[in-house]
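[1] okay, here's the prediction I keep looking at, along with the sequence it came from:
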Amino acid sequence: MKNILILSASPRKNGNSDILCHQFMKGAEDAGNQVELISLYDKNIGFCRACYVCFKTGKCVLKDDMAEILDKIQAADVLVVATPTYFLTMNGKLKNTIDRFLPKWQNLGGHDVYIIITGHDCREGLKLAGDELTTIFSYLGNEIKGVIWGERVWQKGEVTSTKAMDEAYQAGVNA
Ligand SMILES: Cc1cc2nc3c(=O)[nH]c(=O)nc-3n(C[C@H](O)[C@H](O)[C@H](O)COP(=O)(O)O)c2cc1C
């Protein structure tokens with residue numbers, strides 16, 4: 001049994017990213033794993049202030065939900081990161097969350113990572129977001145096990161009629 005953490009960055013509950021996260025979750029649970037899904041918009045995550053106090057203390061000066069999220073990332077065997085594409089890249093909530101990795105950035109490796117990207121564009125239009133997240137999480141010392149592309153989806157729920165549904169479920173089963 002693996003401990004799987006899903007970080008979902010979309011503000012839209014039951015939106016396309018959220019739906020693919022639940023598909024992954026269902027597959028992973030059906031395979032006997034323990035899964036937690038965190039919707040980042042439900043969390044209070046301030047902006048990094050670049051004070052670098054964390055370089056001395058190992059802790060962020062901001063007292064918000066990020067410390068708990070970092071603990072959960074470290075405890076996870078498998079990490080799933082999902083974002084809608086906003087202006088060709090990950091959305092701001094996810095980028096802000098990643099900036100807040102700073103206190104522990106050298107100790108966030110060793111995970112299997114899956115990336116979920118959604119957007120109204122075709123694969124080429126979502127590529128930058130996928131490439132950036134692949135680069136960032138590889139740089140942190142993780143292995144990218146798969147990218148699930150929810151392409152050509154815009155309105156909430158459109159993803160349900162695409163092959164990304166099965167891909168997300170299967171990725172969860174195989175995680
Ligand atoms: C501010 C904003 C910018 C967007 N920019 C893009 C974009 O550059 N490329 C794209 O394919 N879709 C873009 N979209 C569409 C969303 O990525 C798409 O609707 C996606 O399915 C939303 O995911 P969600 O349902 O999980 O919220 C944008 C949406 C918003 C709100």
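    Perfect, thanks for sending it.
[2] drop to CA atoms for contacts and neighbour counts, all remaining ones
    Fine.
[3] tell me which element residue 169 falls in.
    If you go by DSSP states H and E, residue 169 is part of helix 164-174.
[4] and that helix, what's buried?
    Buried residues in helix 164-174, counting neighbours by 16 or more other CA atoms under 10 Å, are found at 164, 165, 166, 167, 168, 169, 170, 171, 172, 173.
[5] between those residues, which is closest to the ligand?
    Taking CA to the nearest ligand atom as the measure, residue 164 is the one of those closest to the ligand, at 12.1 Å.
[6] skip the chain neighbours and tell me the closest residue to that closest one.
    The shortest distance from residue 164 to any non-neighbouring residue, by CA to CA, 6 or more residues apart in numbering, is to residue 150 (5.6 Å).
[7] ok, the one you found to residue 165 distance?
    Distance from residue 150 to residue 165, counting by CA to CA, to the nearest Å: 8 Å.
[8] what residues do the two have in common as contacts?
    Residues touching both residue 150 and residue 165 (CA atoms under 8 Å, 6 or more residues apart in numbering): residue 159.
[9] can you spell out which helices and strands pack onto the longest helix seen in the chain?
    The helix spanning the most residues in the chain, taking DSSP state H as the definition, is helix 123-139. Contacts defined by 3 or more CA pairs under 8 Å, 6 or more residues apart in numbering; DSSP states H and E place helix 123-139 against strand 112-118, strand 143-150.
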